[in-house]
Each structure stands twice: as C-alpha cells, then as structure tokens.
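**Q** Sharing a sequence plus its predicted fold:
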Amino acid sequence: MPIEIIKGISEGPTIDYFKTYLKLNEKLDELGLYCEEYLISKGYDAYAQTVDRTKEYGVLKTIMPHKTIATCAGIGWIGKSALLVTPEFGSAVRLTSVLTNAPLKVSELVLDSPCEGCNICKEACPAGAILGNIWNRESEREYIFDALACRKTARRIAQQAIKKEITLCGKCIEVCPFTKRYLRSEY
C-alpha cells in the first residue's frame, strides 16, 4: 500500500484508502491471471486465486489463504492482527497468490512471529478483535483474532467515515511498528 494512503488513515478509513484498496485488488487479479497463463504456457498447472475465484467457507476463511502461502514462501509472518507482516512493509501489503506445480525457489519457511512482546495493534483495535496471542504455524486464526468482531466494527466505521458498506478499517495496519518503519522509509 502506498505510504501516503496508510499515513492518511490514522483517523479512520478514507475514500482514497477505499479506492486504492479496490484498485490494488484489481491489479493483483490481473497479475495473478497473467502469471497463471504464463505458467500454463510453459506446461505447468497453475491457478490464480483471484477475488472472484476465492470462496469463503466457515467463518470468513478460505481453503488456501494468501498470507499462509506468503509465510510458506518466506515473505513474512502472521501478526497478532492476523495480517501478514513483512520486514519491509509491515502489514501495509495486499496479496494475491498463484498455486502451481512449477519448481520455484523460495526463501526459508517462516515458523514464528516476532510480535510476541508487542500489543500495539491489540490496544488500537476498535473492535477488540485482536486477542493478543502470538501466531505460530500451528495456530488457528480464532486463537489470535475474532474475524466477526472485526468485520462488524470495520463495516460500521467504513459506513460512518466513507459511506461504504465494506470491511475496511486499517487501524491495525497503521499502528504496526513494522508498518511505521515502512512509513519512514524512502520507498
């Protein structure tokens, strides 16, 4: 997510945040489909997990979450907010993923979270959805995060702030110390 967009949400979601969120999702879908086509053209199986193709089951879950794939690829870890956190961008990232049988080089699997002593996102969460427990590879999302509480509060906040019924708050993204480091960077 662009630095100026994240800096702008300290008081709540903005219309620019909403538009950027939608635009990035659209671009990620395009890139995922392009990658899928490329891999198939090279003889591999591939499946882009686009917004339209990714179906929820249970309580706001998907079969193969983008952030789980990202931890398996060594990109980052799951923070107490249940978001992917990267060393470079904190939790100010949007993701897509492409499932494939192509042989790919990846970084080392991320097994743990360095968020253990931090509760900044928990304290800032207007929904009380962040439970303060630390993620590891064996954790169920419900151990660290209440997705329904987040959705309900984020939709109320977005409705009040930008007159849109969407799950869009961003407070946990904005306050994350790793995101704050990104906001001070030269990206």
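**A** Cool, the structure landed.
**Q** Tally up the residues packed near residue 160, please.
**A** When neighbours are counted by other Cβ atoms under 10 Å, residue 160 registers 10. The way it works is simple: take the backbone N, C-alpha and C, and place the C-beta from them, glycine included.
**Q** same check, this time on residue 28
**A** Residues lying near residue 28 (other Cβ under 10 Å) number 19.
**Q** And residue 135, how far from residue 142?
**A** Going from residue 135 to residue 142 by Cβ to Cβ, to the nearest Å gives 12 Å.
**Q** of the two, who's got more company?
**A** For residue 135 versus residue 142, neighbours defined as other Cβ under 10 Å are more numerous around residue 135 (24 against 15).
**Q** Correct me if wrong: that one contacts residue 84.
**A** No. Contact criterion Cβ atoms under 8 Å: residue 135 and residue 84 do not qualify, at 10.3 Å.
**Q** Please enumerate the shared neighbours of those two.
**A** Both residue 135 and residue 84 are in contact with 77, 78, where contact means Cβ atoms under 8 Å, 6 or more residues apart in numbering.
**Q** quick one: the helices in this protein?
**A** Applying DSSP state H to the chain gives helices spanning 3-7, 15-41, 66-72, 120-124, 141-144, 147-162, 171-175, 177-183.
**Q** What is the third one packed up against?
**A** Judged by 3 or more Cβ pairs under 8 Å, 6 or more residues apart in numbering; DSSP states H and E, helix 66-72 is in contact with strand 77-78, strand 84-85.
**Q** Would you format those strands as a markdown table with mean neighbour count included?
**A** Output for the helices and strands packed on helix 66-72, formatted as a markdown table (neighbours: other Cβ atoms under 10 Å):
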| stretch | mean neighbour count |
| --- | --- |
| strand 77-78 | 26 |
| strand 84-85 | 28 |
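**Q** Between those, which one is closest to residue 10.
**A** Of all these, strand 84-85 sits nearest to residue 10, with 18.6 Å by Cβ to Cβ.
**Q** quick one: the residue lying farthest from the centre of the chain from residue 24, how far?
**A** Note on the chain: the largest C-alpha distance from the chain mean falls to residue 43, namely 30.4 Å (Cα atoms, centre = their mean). Distance, residue 43 to residue 24, using Cβ to Cβ: 30 Å.
**Q** Okay, now stretch 99-107: how far is its last residue from its first?
**A** End-to-end distance of stretch 99-107 (Cα to Cα, to the nearest Å): 17 Å.
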